[in-house]
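Visitor: Let me see the structure of the following:
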Amino acid sequence: MSLCRFCRSPLTRTFLDLGLQPLANSYLTPEQLAAGNEPVFPLHTKVCDACFLVQADHEVPAEAIFDEGYAYFSSFSPGWVEHARRYAEAMIARFGLGPESLVVEIASNDGYLLKHFLARDVPVLGIEPTANTAEAARAIGVRTDVVFFNAETGQTLAARGDRADLMAANNVLAHVPDLNAFVGGFPHVLKPQGVLTFEFPHLLNLIEKVQFDTIYHEHYSYLSLLAVEQVLAAHGLRVFDVEQLSTHGGSLRLFCCHQAAGHAETEGLRAVRAAEAAAGLDRPETYDGFTARVEAVRDSFQAFLRTAKDDGKAIAAYGAAAKGNTFLNYCGTTADDIIEAYDANPAKQDRYLPGSHVPIRAPAAVASSRPDYVLILPWNLKDEITRQLAFIADWGGRFVIASPRTEILD
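Guide: Numbering: from 1, shown residues only. This next block holds a predicted model:
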């Protein structure tokens, strides 16, 4: 029997079983497609009845997911880079950061966030396990260590004098297989009155808005404030403020510190605690019944595909996003249904989506292919994408969103 990744209680309650799926960010080369031996792994999530951590019940090692060919570069999303810039400006103002401070980001990717601190003369350090994104960060002047972060890493950083006034760990907490080893690194690096911020998609939104496509192998956990507060407390840390964000379909930004630090709890923290309690996230039975709601989303999309095919319509997809791969593969979608996908990231172009094997092309191909429908896979970027591709209306093209139900946009 599997044990909880945090509290080690037995896992007996299924949250959602998505069957066998390929790794969502493992885009296939033409040679890999021709070889025909694409690996698949169980994608089964469970909830711990003791601490209410929702988690992936699989043992795909992080090294198999975040390898040298990892294809996600944060800077290819202008909206996300702007989100990072606003974060940097807000943190500098709120906590009085300057040339004598140090900002450390865990999972710093290609320097998309830390460059905004550098521009304001605030020293930075990035910790990033994927070599290709770290190389991109260094190229723009962001000091970066290529390493997985854990308690041992934290001790090493502290010993060499890298103690942080601000630590950022945005959209990474869900990506670590061993929560205790990961969170155990922060107390070593964080100064006594330092601030640590986490951002992560809020489990409450995943459930209420049926955002099941955010479930894929590199997300080992699906996080609530309730669960995260327990994890932090086990390592001498506490939350003192929470902001609710619109990113990734609804996220939380937690402001954390050492237990003994002087930061007072805010109304924002109390409000999210109350919302989670009202939704029943502290009751096991709340997590039952999610499967039926996911099946309804799948059935709605499959009906759209059948109707479009019967009408002779061509469907393309925009955004070769990991969440889109979970969605397409759960729905059994193939290249017979979707003619091609468009993505601005050159590392994905001329490859194929995992599982569905839809070919990926540069966005400029939209104008030559002139699809009748463009399915927006990263629905959290809907507004950005519909603005960029507004010209599809010139030939009568229309946008489609498939979550939480399939909808053809006006």
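Visitor: Residue 343 and residue 316 touch, don't they?
Guide: No: in this structure, residue 343 is not within contact of residue 316 by C-beta atoms under 8 Å, at 11.4 Å. C-beta coordinates here come from the backbone N, C-alpha and C atoms, glycine included.
Visitor: now the helices: where do they sit in the stretch 251-400 of the chain?
Guide: With DSSP state H, counting those that start in this stretch as the criterion, the stretch 251-400 of the chain has helices at 267-279, 290-310, 322-330, 365-369, 382-388.
Visitor: Can you redo those as TSV, where the extra columns are mean neighbour count, mean pLDDT and distance to residue 138?
Guide: Below are the helices of the stretch 251-400 of the chain laid out as TSV (neighbours: other C-beta atoms under 10 Å; pLDDT from 0 to 100; distance: least, C-beta to C-beta, whole Å):
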stretch	mean neighbour count	mean pLDDT	distance to residue 138
helix 267-279	14	98	36
helix 290-310	15	96	41
helix 322-330	25	95	25
helix 365-369	14	97	32
helix 382-388	15	92	28
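Visitor: Out of these, which is closest to residue 352?
Guide: Comparing the helices of the stretch 251-400 of the chain against residue 352 with C-beta to C-beta, the closest turns out to be helix 322-330 (10.7 Å).
Visitor: sorry, back to before: as JSON lines, the helices of the stretch 251-400 of the chain with distance to residue 178 would be great.
Guide: Below are those laid out as JSON lines (distance: least, C-beta to C-beta, whole Å):
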{"stretch": "helix 267-279", "distance to residue 178": "24"}
{"stretch": "helix 290-310", "distance to residue 178": "25"}
{"stretch": "helix 322-330", "distance to residue 178": "21"}
{"stretch": "helix 365-369", "distance to residue 178": "41"}
{"stretch": "helix 382-388", "distance to residue 178": "34"}
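Visitor: Out of those, flag the one nearest residue 41.
Guide: Between residue 41 and the helices of the stretch 251-400 of the chain, the tightest spacing by C-beta to C-beta is seen for helix 322-330, at 11.7 Å.
Visitor: Next, the angle from that closest one to helix 290-310.
Guide: Here helix 322-330 runs at 80 degrees with respect to helix 290-310, directions being taken by axes from the mean of the first three to the mean of the last three C-alpha atoms, to 10 degrees.
Visitor: If you count contacts, what does helix 322-330 end up packed against?
Guide: With contacts defined as 3 or more C-beta pairs under 8 Å, 6 or more residues apart in numbering; DSSP states H and E, helix 322-330 has these neighbours: strand 13-21, helix 290-310.
Visitor: Which of the ones you listed sits closest to residue 375?
Guide: Each of the helices and strands packed on helix 322-330 has some distance to residue 375 by C-beta to C-beta; the shortest is helix 290-310, at 8.9 Å.
Visitor: what packs against that closest one?
Guide: In this structure, helix 290-310 makes packing contacts with strand 13-21, helix 322-330, judged by 3+ C-beta pairs under 8 Å, 6+ apart.
Visitor: between the ones you listed, which one is nearest to residue 139?
Guide: The minimum distance between residue 139 and the helices and strands packed on helix 290-310 falls on helix 322-330, with 24.6 Å, by C-beta to C-beta.
Visitor: who's in contact with the closest one?
Guide: When contacts are defined by C-beta atoms under 8 Å, 6 or more residues apart in numbering, helix 322-330 is touched by residues 18-19, 21-22, 24-25, 43, 72, 212-216, 218, 294, 298, 301, 317, 338, 341, 353-356, 358, 377-379, 402-403.
Visitor: Find out how far it is from the centre of the chain, if you would.
Guide: Between the centre of helix 322-330 and the centre of its chain there are 13 Å (C-alpha atoms, centre = their mean, to the nearest Å).
Visitor: Ok, which of the helices and strands packed on helix 322-330 comes nearest residue 176?
Guide: Ranking the helices and strands packed on helix 322-330 by their distance to residue 176 (criterion: C-beta to C-beta) puts strand 13-21 first, at 18.7 Å.
Visitor: Which SSE is immediately downstream of the closest one?
Guide: On the C-terminal side of strand 13-21, the closest following helix or strand by DSSP states H and E is helix 30-35.
Visitor: residue ranges with poor pLDDT in the stretch 301-410 of the chain?
Guide: Scanning the stretch 301-410 of the chain with the threshold set as pLDDT under 70 gives no residue ranges.
Visitor: same thing with the stretch 1-150 of the chain?
Guide: Residue ranges of the stretch 1-150 of the chain with pLDDT under 70: 62-63, 66-72, 75-76.
Visitor: again, 90 this time
Guide: Per-residue confidence for the stretch 1-150 of the chain (pLDDT under 90) gives these ranges: 1, 25, 37, 58-81, 129-132.
Visitor: Okay, strands next: where are they in it?
Guide: In chain order, the stretch 1-150 of the chain shows strands spanning 13-21, 41-47, 54-56, 103-106, 124-127, 144-145, with DSSP state E, counting those that start in this stretch as the criterion.
Visitor: Is it possible to get CSV of those strands that adds mean neighbour count and distance to residue 138?
Guide: Below are the strands of the stretch 1-150 of the chain laid out as CSV (neighbours: other C-beta atoms under 10 Å; distance: least, C-beta to C-beta, whole Å):
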stretch, mean neighbour count, distance to residue 138
strand 13-21, 17, 33
strand 41-47, 20, 32
strand 54-56, 25, 32
strand 103-106, 27, 14
strand 124-127, 24, 9
strand 144-145, 21, 5
